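In: only the shape, not the letters, is given here:
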């Protein structure tokens, strides 16, 4: 039988035995058999949800099973498994008891314009140096935010992003330049921030923020600035901040409009007090779908940086309990009063959410989301080309908005924006074969659903939209 | 109750001062009898954290195994681990507790502005609920 070797601290639970033989064919079976035989071991090896604790490592002979097949790693009769604790720890996060850092002569020259203001001064500047700020996302909002925090001398800036710089980012993500296209965002961002201010320590987290890692990451910071563009991450950041007691400096943008606030459950409302439930998926378009004026995240990201620095300095009137609405087209700033919701499920007096949940399913996003509504009949760009080349009598409907036609279009298409489709059904005949397209296939899939509900049977969605056509069939056509 | 030999106490203090302002960490080897642990030697280990080294430490699993073997070879037991809190009091953090195991002794030393300060020792309750401070005796002169 395979054996499991136990570390010294767990041996009191096995009557002092250093090794235990277990009937098992996999690592999982071996651990289950061990815990069954010695139930007191369970709470030291597994957390409340039954997952192996993060600081418990399992080795098969000399290899960490994480690099084999994890739980499913097969074990043979002669194999020896070892439970090896990761020994870790650290000092408490209590900046007020820490000796304040001092400033070098170079730093004093650099921050001269701060130091001569009584609201900052040496005390404020050393506070900035001691501060730790986590920026979630290094996109349109995160770019100006991180640049200004670094320039202002915030000592530690954590960055969470796992993307690669794309051409379409440069219109607003001022952390990056043309030479960075194709590079990992965090690598390019770290270099740029080091260039702005080498006194700043940049801590990159090149991973998606998830319910598994969020608390551990957030815990190491004083303030979190949310620069994300999707609802699951926004709720995740909010809940992680509430659970760890951190302020969440929030902003969001769409087209010409933005919002900003400071959510801090200890002193005011949280994001869930404002929006208890996410909107149904698909109702609120993302910036990738609806577009955004490039300078708008600049404006809002700088507001986030301002609020962050005010919180660190402990000066001024923070946006706690206030929602700032920015309309860049009218250039109007309005303010709404926000109140703490006494029934808030996360920051109220009797919270129902006491640990991080599955935010994708909370926001109604199925695991393989992002894809257009399934079950809609599709046609590939290659099939459509063959059909077009044959001269088949197909009616092509373009459901994009009028300003998109100037970028690329099929000359023969019937142009009916998605929003006016239901009023324009009389322009189409159920006798015709109809192909519907948009930019990438999302809106046209909805259009196909509408048409099928209206009784059209011979209707297909052009998969991948006109952009895929430009990519695969007609390289002269613009892709956007 | 835990007793540090003069050699172990000196090694821990020197290690904490040398690594300041970052955290130091290491293993405690010695003999245990019931509630009493006598640390014969402190073995300095590398902090493998690449970030947050002023307030976090981690010891590689291979180093853990090496310490178990070293203890075995010398007829000693692996009694626990020590680490420093640069510019923080010698009190375990929540982070320490979450990562702790019962039975082990966790020795924490405050290092203020580079100077070794108070040393304390802690044991995790078996229900993982909290740390209990235990009496600690650091010997000043050698006694093998």
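Out: It's in. Keep in mind that what you see is a predicted model, and the values were worked out from it rather than measured.

In: identify the residues contacting the closest residue to residue B:44 other than its chain neighbours.
Out: Nearest in space to residue B:44, with sequence neighbours left out and distances taken as Cβ to Cβ, 6 or more residues apart in numbering or on different chains, is residue B:26 at 4.3 Å. (Each C-beta comes from the backbone N, C-alpha and C, glycine too.) By Cβ atoms under 8 Å, 6 or more residues apart in numbering or on different chains, the residues touching residue B:26 are B:11, B:12, B:15, B:42, B:43, B:44, B:45, B:81, B:82, B:83.

In: OK, contacts around the closest residue to chain B within the stretch 201-350 of chain A?
Out: For the stretch 201-350 of chain A, the residue closest to chain B is residue A:203, as judged by Cβ to the nearest Cβ, at 5.0 Å. Neighbour list for residue A:203: A:156, A:157, A:158, A:159, B:51, B:52 [criterion: Cβ under 8 Å, 6+ apart].

In: need phi/psi at the nearest residue to residue A:68 once chain neighbours are set aside.
Out: Closest residue in space to residue A:68, ignoring its immediate chain neighbours: residue A:60 at 6.4 Å, by Cβ to Cβ, 6+ apart. When quoted as degrees, to the nearest 10, the phi and psi of residue A:60 stand at phi -100, psi 120.

In: direction included, what does the host helix or strand of residue A:202 pair up with?
Out: Per DSSP states H and E: residue A:202 is located in strand A:201-205. As defined by DSSP bridges, the strand partners of strand A:201-205 come to strand A:156-160 (parallel).

In: so for the strand it pairs with, mean pLDDT?
Out: Computed over strand A:156-160, the mean pLDDT rounds to 96.

In: which helices and strands does the following helix or strand past that strand pack with?
Out: Downstream of strand A:156-160, the first helix or strand assigned by DSSP H and E is helix A:185-196. Counting contacts by 3 or more Cβ pairs under 8 Å, 6 or more residues apart in numbering or on different chains; DSSP states H and E, helix A:185-196 packs against helix A:142-152, strand A:156-160, strand A:201-205.

In: the ones you listed into TSV, with extra columns for distance to residue B:128?
Out: Output for these, formatted as TSV (distance: least, Cβ to Cβ, whole Å):
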stretch	distance to residue B:128
helix A:142-152	37
strand A:156-160	28
strand A:201-205	27
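
In: looking at these, which one has the lowest mean pLDDT?
Out: strand A:201-205 (a mean of 93).

In: tell me if the helix or strand just after that strand is near chain B.
Out: Toward the C-terminal end, the helix or strand that comes next after strand A:201-205 (DSSP H and E) is helix A:214-218. No: Helix A:214-218 stays clear of chain B (Cβ under 8 Å from any Cβ of the partner chain), getting no nearer than 9.1 Å.

In: can I get the contacts of residue A:203 in TSV with distance to residue A:132 and neighbour count?
Out: Listed next are the contacts of residue A:203 as TSV, based on distance: Cβ to Cβ, whole Å; neighbours: other Cβ atoms under 10 Å in any protein chain shown:
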residue	distance to residue A:132	neighbour count
A:156	4	21
A:157	8	25
A:158	7	23
A:159	12	24
B:51	11	14
B:52	9	18
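
In: quick check: which ranges of the chain have low pLDDT?
Out: This is for chain A. Applying pLDDT under 70 to chain A flags residues A:92-100, A:282-287, A:366-374.

In: look at chain B instead
Out: B:141-144.

In: tell me the residue furthest from the middle of it?
Out: In chain B, the residue that sits farthest from the middle, by Cα atoms, centre = their mean, is residue B:127; the gap is 21.3 Å.

In: tabulate the contacts of residue A:203 (a markdown table), appending distance to residue A:343.
Out: Rendered in a markdown table, the data for the contacts of residue A:203 read as follows (distance: Cβ to Cβ, whole Å):
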| residue | distance to residue A:343 |
| --- | --- |
| A:156 | 36 |
| A:157 | 36 |
| A:158 | 33 |
| A:159 | 35 |
| B:51 | 39 |
| B:52 | 37 |
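
In: among these, which one sits closest to residue A:110?
Out: residue A:157 (16.2 Å; Cβ to Cβ).

In: any idea what the closest one is bridged to?
Out: Going by DSSP bridges, residue A:157 is paired in beta bridges with residue A:133, residue A:202.

In: check residue A:327 too.
Out: Following DSSP bridges, residue A:327 is listed with bridge partners residue A:257, residue A:332.

In: for the helix or strand residue B:70 falls within, buried residues please.
Out: Secondary structure assigned from DSSP H and E places residue B:70 in helix B:61-73. Of the residues in helix B:61-73, B:61, B:63, B:64, B:65, B:67, B:68, B:71 count as buried by neighbour count, 16 or more other Cβ atoms under 10 Å in any protein chain shown.

In: which one is the first one nearest to, not counting chain neighbours?
Out: Using Cβ to Cβ, 6+ apart and skipping the chain neighbours, the partner closest in space to residue B:61 is residue A:84 (4.5 Å).

In: SS state for the one you found?
Out: strand (DSSP: H, G, I helix; E, B strand; the rest coil).

In: what is the neighbour count of residue 2?
Out: With no chain named, the answer covers chain A. Residues near residue A:2, counting by other Cβ atoms under 10 Å in any protein chain shown, number 23.

In: hm, I was asking about chain B
Out: The burial count assigned to residue B:2 is 25, neighbours taken as other Cβ under 10 Å.

In: ok, it - contacts?
Out: Here residue B:2 is in contact with B:36, B:37, B:38, B:39, B:79, B:105, B:107, B:121, B:134, B:135, B:136, B:137 (criterion: Cβ under 8 Å, 6+ apart).

In: ok, residue A:385 next?
Out: Residues in contact with residue A:385 (Cβ under 8 Å, 6+ apart) are A:469, A:473.

In: pretty sure residue A:400 sits against residue A:441.
Out: No: using Cβ atoms under 8 Å, residue A:400 is not in contact with residue A:441, being 11.4 Å away.

In: all strands for the stretch 1-150 of chain A, in order.
Out: With strands called from DSSP state E, counting those that start in this stretch, the stretch 1-150 of chain A shows them at A:3-5, A:19-21, A:56-60, A:63-64, A:80-85, A:87-89, A:132-136.

In: tell me which of the ones you listed lies nearest to residue A:469.
Out: Minimum separation from residue A:469 across these (Cβ to Cβ) falls at strand A:132-136, 35.6 Å.

In: thinking in terms of the whole chain, how far from its middle is that closest one?
Out: Strand A:132-136 sits 13 Å away from the centroid of its parent chain (Cα atoms, centre = their mean, to the nearest Å).

In: same for it, what does it pack against?
Out: helix A:142-152, strand A:156-160, strand A:223-226.

In: give me the sheet partners of the last one and which way each runs.
Out: Meaning strand A:223-226. Strand pairing (DSSP bridges) places strand A:223-226 next to strand A:132-136 (parallel), strand A:248-254 (parallel).

In: contact partners of that strand?
Out: Outside strand A:223-226, the residues touching it (Cβ under 8 Å, 6+ apart) are A:131-137, A:141-142, A:145, A:218, A:233-234, A:237-238, A:240-241, A:246-251, A:304-305, A:308, A:311-312.
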